[in-house]
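*Asks:* Got a predicted model here, sequence first, then my questions.
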Amino acid sequence: MSLKEAYKLKVEAEMELAHAKLLEFKAESKNYTADAYIKYTKHLEELDNMHRIAKEKLGELQSAGEDKWEKLKDGVESAWHAFSSAIKDSAEKFKTTNTEKDNK
């Protein structure tokens, strides 16, 4: 397995886990009050967009030749870290909202 392929598989696996968390957030948000649901739906759409961008960057890396993929790696890393950080931040927001919902 090439270094490029190993890197791609690693990032794909991480993205799948983060995307699963995003889907969990979407499911949880359906239990929120109407106001909270509207607020978080917009946020979830932003996360979906970040996920799409990260997948596009990974696709560009995949289609690049062995000699050029290293140049695209920074773009993949940047998109992945933005999405991953947003997922982590969202986990805290959803946890807080879920706690507020449970206390009502």
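*Replies:* Perfect, I can see it now.

*Asks:* Distance from stretch 47-67 to the middle of the chain?
*Replies:* A distance of 12 Å separates the centroid of the chain from that of stretch 47-67, by C-alpha atoms, centre = their mean, to the nearest Å.

*Asks:* Who are the contact partners of residue 72?
*Replies:* Contacts for residue 72 (C-beta atoms under 8 Å, 6 or more residues apart in numbering) come out as 57, 60-61, 64. Where C-beta positions appear, they are placed from N, C-alpha and C, glycine not excepted.

*Asks:* swap the cut-off to 10 Å and go again
*Replies:* Counting by C-beta atoms under 10 Å, 6 or more residues apart in numbering, residue 72 makes contact with 4, 57-58, 60-64.

*Asks:* What is the least confident helix or strand in the chain?
*Replies:* Lowest by mean pLDDT, DSSP states H and E among the helices and strands of the chain is helix 69-102, with a mean of 80.

*Asks:* got the buried residues for that one?
*Replies:* 69, 72-73, 75-76, 79-80, 83-84, 86-87, 90, 94, 97-98 (16 or more other C-beta atoms under 10 Å).

*Asks:* ok, then the element right after the helix or strand where residue 13 lies?
*Replies:* Per DSSP states H and E, residue 13 falls inside helix 3-29. Downstream of helix 3-29, the first helix or strand assigned by DSSP H and E is helix 34-63.

*Asks:* can I assume residue 7 is in contact with residue 70?
*Replies:* Yes - the pair residue 7 / residue 70 is scored as a contact, 9.4 Å apart, by C-beta atoms under 10 Å.

*Asks:* Would you agree residue 36 is in contact with residue 29?
*Replies:* Yes - if you go by C-beta under 10 Å, residue 36 and residue 29 touch, sitting 7.5 Å apart.
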